[in-house]
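> Model the structure of this input:
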Amino acid sequence: MQAIGEFEVNLQPLEAYAPGSDGVSLGRMSINKAFRGNLEANSVGEMLTAMTPVEGAAGYVAIEQVSGTLHGKPGTFVLQHFGIMNARESRLVLEVVPDSGTAELTNLVGKMTIHVEDGNHTYIFDYELA
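Model (predicted):
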């Protein structure tokens, strides 16, 4: 199945616990999202970032717990993020953490892609309820 829609995201810096070195800046942020469309939900989570001294070269990982309805089915699930960017490419992987679904989203598996254009965030969520 596929869910599509828009989301708003609010990222706020958190106190970092690792200093970074040699020009690499390590950071930590809170994530708050509001999804609209086939996924009507809110999420909270945390992100860890690494910014290098080379402009545009960075990486991040994040975990966010999503709570709401997916095509009308209520429940929660956890998304895990892995993102890499540099001058040549950007890669972003968002997958449902296995066995993290609850209620009517138990056994949820899937991958989400996000697109940002002109400040607007959209998602495509390909999923299965096994």
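> Every contact and neighbour count from this point should use C-alpha atoms.
Fine.
> quick one: stretch 99-111 to chain centroid distance?
16 Å (C-alpha atoms, centre = their mean, to the nearest Å).
> and if you look at stretch 83-100?
Taking mean C-alpha positions (C-alpha atoms, centre = their mean), stretch 83-100 and its chain are 8 Å apart.
> Just the endpoints, please. Distance across that stretch?
With C-alpha to C-alpha, to the nearest Å as the measure, stretch 83-100 spans 21 Å from end to end.
> Walking through this structure, point out its strands one by one.
Assigned by DSSP state E, the strands in the chain fall at 2-14, 25-37, 39-51, 58-70, 73-85, 90-96, 108-117, 120-129.
> so which of those strands gets nearest residue 102?
Nearest of the strands of the chain to residue 102, taken as C-alpha to C-alpha: strand 73-85 at 5.1 Å.
> And that closest one, what's buried?
74, 75, 76, 77, 78, 79, 80, 81, 84 (16 or more other C-alpha atoms under 10 Å).
> Mind listing the residues bridging to the fourth one?
Which is residue 77. In this structure, residue 77 bridges to residue 66 when assessed by DSSP bridges.
> tell me the contacts of it?
65, 66, 67, 96, 97, 100, 101, 102, 105, 108 (C-alpha atoms under 8 Å, 6 or more residues apart in numbering).
> Give me the neighbour count for the fifth one.
Same thing as residue 97. 19 (other C-alpha atoms under 10 Å).
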